[in-house]
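Peer 1: Model the following, please.
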Amino acid sequence: MQTSVATSAPRRSTRGFTLLEMLVVLVIVGMLLGLVGPRVYKMLDRGSATTANAQIRLLRGQVENLRMDIGRYPTAEEGLGTLLKAPADPATAARWRGPYLDDVSLPLDPWGTPYQYSVPGRDGQPYALYSFGADRKAGGTGDDADLGLLPPQ
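Peer 2: Residues are numbered from 1 along each chain as shown. This is a model prediction of the structure:
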């Protein structure tokens with residue numbers, strides 16, 4: 001009786017990826033991010049501007065509700081804080097029906113800056129209610145432009 005010894009070569013495992021395959025995938029992903037990334041950031045900026053405009057419309061509506069209750073718009077000194085806290089004047093405070101916002105604090109714009117309120121507004125508007133935009137300072141163009149009811153120039 002003869003015993004046979006299997007002398008076949010060890011089989012190479014086909015599971016997993018080689019280093020070269022991983023590098024090729026990483027290069028492809030990097031190229032895709034380089035092409036798509038800037039477009040995604042532009043879309044995010046547009047989304048922030050849309051959000052800011054929606055919040056300004058909401059705040060504007062609440063300022064109008066406040067005016068209907070107290071008979072006037074907030075002064076520049078009172079600002080948007082009057083939406084959350086009654087004015088100091090007792091006669092006006094008696095007509096105040098707030099708070100006019102659900103939150104306990106005023107919302108910030110999408111760039112983390114408080115919304116601006118001043119009296120008077122541009123083009124005969126009784127007030128200005130706006131955001132400085134992405135650059136967080138007055139003026140600007142494109143994504144950096146101020147949004148909302150702007151103050152006189």
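
Peer 1: what helices or strands is the longest helix belonging to the chain leaning on?
Peer 2: When the chain is scanned for its longest helix (criterion: DSSP state H), the result is helix 19-70. Helix 19-70 makes packing contacts with helix 90-95, strand 128-131, strand 147-149 when contacts are defined by 3 or more CB pairs under 8 Å, 6 or more residues apart in numbering; DSSP states H and E. Using the backbone N, CA and C atoms, a C-beta is placed for each residue, glycine as well.

Peer 1: nearest to Leu32, of the ones you listed?
Peer 2: Among these, strand 147-149 comes nearest to Leu32, with 32.3 Å by CB to CB.

Peer 1: So in that sheet, which strands flank the closest one, and in what orientation?
Peer 2: strand 128-131 (antiparallel) (DSSP bridges).

Peer 1: So the most centrally placed residue in the chain versus Arg136, what's the distance?
Peer 2: By CA atoms, centre = their mean, the chain has its centre lying nearest to Pro110, at 2.3 Å. Computed as CB to CB, to the nearest Å, the Pro110 to Arg136 distance reads 11 Å.

Peer 1: The closest residue in space to Gln62 that isn't next to it in sequence: neighbour count?
Peer 2: The shortest distance from Gln62 to any non-neighbouring residue, by CB to CB, 6 or more residues apart in numbering, is to Tyr100 (4.2 Å). The number of residues packed near Tyr100 is 18, by other CB atoms under 10 Å.

Peer 1: List the residues that contact Tyr100.
Peer 2: 62, 65-66, 83-84 (CB atoms under 8 Å, 6 or more residues apart in numbering).
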